[in-house]
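[1] Got a predicted structure plus its sequence, pasted below:
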Amino acid sequence: MCGLLGFLTTGGTNDEAVAQVAAAMHCLRHRGPDEHGTWHDADLVFGFNRLSIIDIAHSHQPLRWGPPEQPDRYALTFNGEIYNYLELRRELSEKYGASFATEGDSETIVVAFHHWGADAVRRLGGM
């Protein structure tokens with residue numbers, strides 16, 4: 001099981017908050033020993049320790065994704081597994097021309113959200 005950590009502020013994040021989240025990720029190392037990463041913007045810091053199961057080499061998190069005109073529009077941390085991600089990827093490719101940079105289920109969630117909005121959650125089969 002992966003380890004997730006988030007820090008939200010209305011005052012804008014700073015280097016100290018980013019450093020604190022990165023340091024705290026060490027405490028969750030046992031939850032995701034395969035790799036770790038952080039992402040932040042003005043109000044949010046995500047930290048993630050990954051337990052790699054699907055697409056071990058390419059599905060790094062926090063995952064950044066976006067359409068060609070906004071390549072970093074979304075950031076995702078995700079713990080679980082989407083069992084029907086291959087079917088969803090096929091549908092997204094066929095109906096919307098979606099392309100994928102990874103072979104993982106995490107990217108499928110982001111692409112589905114981009115095209116289907118909150119209804120994407122109802123289509124995810126997994127945990």
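    Thanks, I have it.
[2] how about the strands in the protein?
    Secondary structure of the chain (DSSP state E): strands located at 3-8, 35-40, 44-50, 63-65, 74-76.
[3] At which residues are the helices of the protein located?
    Along the chain, the segments classed as helices by DSSP state H run 15-24, 85-96, 105-116, 120-123.
[4] Just say which of the ones you listed is most tucked in.
    helix 105-116 (a mean of 21; mean count of other CB atoms under 10 Å). C-beta coordinates here come from the backbone N, C-alpha and C atoms, glycine included.
[5] Could you pull up the mean pLDDT of that helix?
    Average pLDDT, helix 105-116: 95.
[6] From the contact counts, what lies against that helix?
    Applying 3 or more CB pairs under 8 Å, 6 or more residues apart in numbering; DSSP states H and E, we find helix 105-116 packed against strand 63-65, strand 74-76, helix 85-96, helix 120-123.
[7] Relative to Glu94, how far out is the residue most central in space within the chain?
    Closest residue to the average C-alpha location of the chain: Leu76 at 2.7 Å, with CA atoms, centre = their mean. Using CB to CB, to the nearest Å, Leu76 is found at 23 Å from Glu94.
[8] Could you do Glu103 as well?
    Glu103 is 18 Å from Glu94, by CB to CB.
[9] before we move on, what about Ala42?
    Distance, Ala42 to Glu94, by CB to CB: 37 Å.
[10] just Asp105 next, same as before
    Asp105 sits 18 Å away from Glu94, going by CB to CB.
[11] Over to Leu44?
    In this view, Leu44 and Glu94 are 34 Å apart by CB to CB.
[12] Residue ranges in this protein under the pLDDT threshold?
    Within the chain, the stretches with pLDDT under 70 are 1-2, 13, 28-34, 50-60.
[13] Name the nearest residue to Gly125, ignoring sequence neighbours.
    Computed as CB to CB, 6 or more residues apart in numbering, the closest residue to Gly125 that is not its neighbour in sequence is Asn84, at 4.1 Å.
[14] coming back round to it: most tightly surrounded among the strands of the chain?
    Most buried of those by mean neighbour count (mean count of other CB under 10 Å) is strand 44-50; its value is a mean of 23.
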